[in-house]
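Q: I would like to see how this sequence folds:
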Amino acid sequence: MVDISGWERKFFRSMLAESDGTVSSTRCMIALVVMFSLGWITGLLLKVRKPVTLGEVQSFVGTLTVFVTSICGTLYGINRVTDVVGNRAQKPE
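A: Numbering: from 1, shown residues only. So this is what the prediction gives:
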């Protein structure tokens with residue numbers, strides 16, 4: 001029998017951390033944005049309480065994709081810029 005105890009802890013730790021083990025703020029923020037977006041969709045669907053057409057779902061998912069991509073892309077860009085600036089500051093000239 002395969003021992004899978006604690007696999008989810010290792011999975012989430014590897015998903016939210018860099019390769020050296022430090023927590024990645026960008027990855028954590030992306031996870032929060034995705035959870036917020038899913039909660040927002042659920043809340044809207046519960047409030048509407050009527051059948052939704054496939055075109056409405058497609059339009060909403062397209063808008064949500066642009067929203068999540070722009071937020072996550074901005075966070076990732078900020079993280080990468082700070083890494084580059086930090087590495088340049090540590091290099092001796």
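Q: surely Ala31 and Leu16 touch.
A: Yes - with contact defined as C-beta atoms under 8 Å, Ala31 reaches Leu16; the gap is 6.7 Å. From N, CA and C alone the C-beta is placed, and that goes for glycine too.
Q: buried stuff in the biggest helix by length in the chain?
A: Selection of the longest helix in the chain by residue count, based on DSSP state H, yields helix 54-90. Across helix 54-90, burial judged by 16 or more other C-beta atoms under 10 Å covers 68, 71-72, 75.
Q: let me have these in a markdown table, extended by pLDDT and distance to Asp20.
A: Listed next are these as a markdown table, based on pLDDT from 0 to 100; distance: C-beta to C-beta, whole Å:
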| residue | pLDDT | distance to Asp20 |
| --- | --- | --- |
| Val68 | 76 | 27 |
| Ile71 | 80 | 25 |
| Cys72 | 77 | 22 |
| Leu75 | 79 | 19 |
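Q: give me the nearest residue to the residue nearest the centre of the chain, chain neighbours excluded.
A: Geometric centre of the chain, nearest residue: Ile30, 2.1 Å, by C-alpha atoms, centre = their mean. Excluding its sequence neighbours, the residue lying closest to Ile30 (C-beta to C-beta, 6 or more residues apart in numbering) is Cys72, at 4.7 Å.
Q: so where's this protein uncertain?
A: For the chain, the stretches flagged by pLDDT under 70 are 1-8, 93.
Q: is Lys50 in a helix, a strand, or coil?
A: Three-state call for Lys50 (DSSP: H, G, I helix; E, B strand; the rest coil): coil.
Q: so how many other residues sit close to it?
A: Neighbours of Lys50 under the rule other C-beta atoms under 10 Å: 6.
Q: any figure for the gap between it and Gly62?
A: 20 Å (C-beta to C-beta, to the nearest Å).
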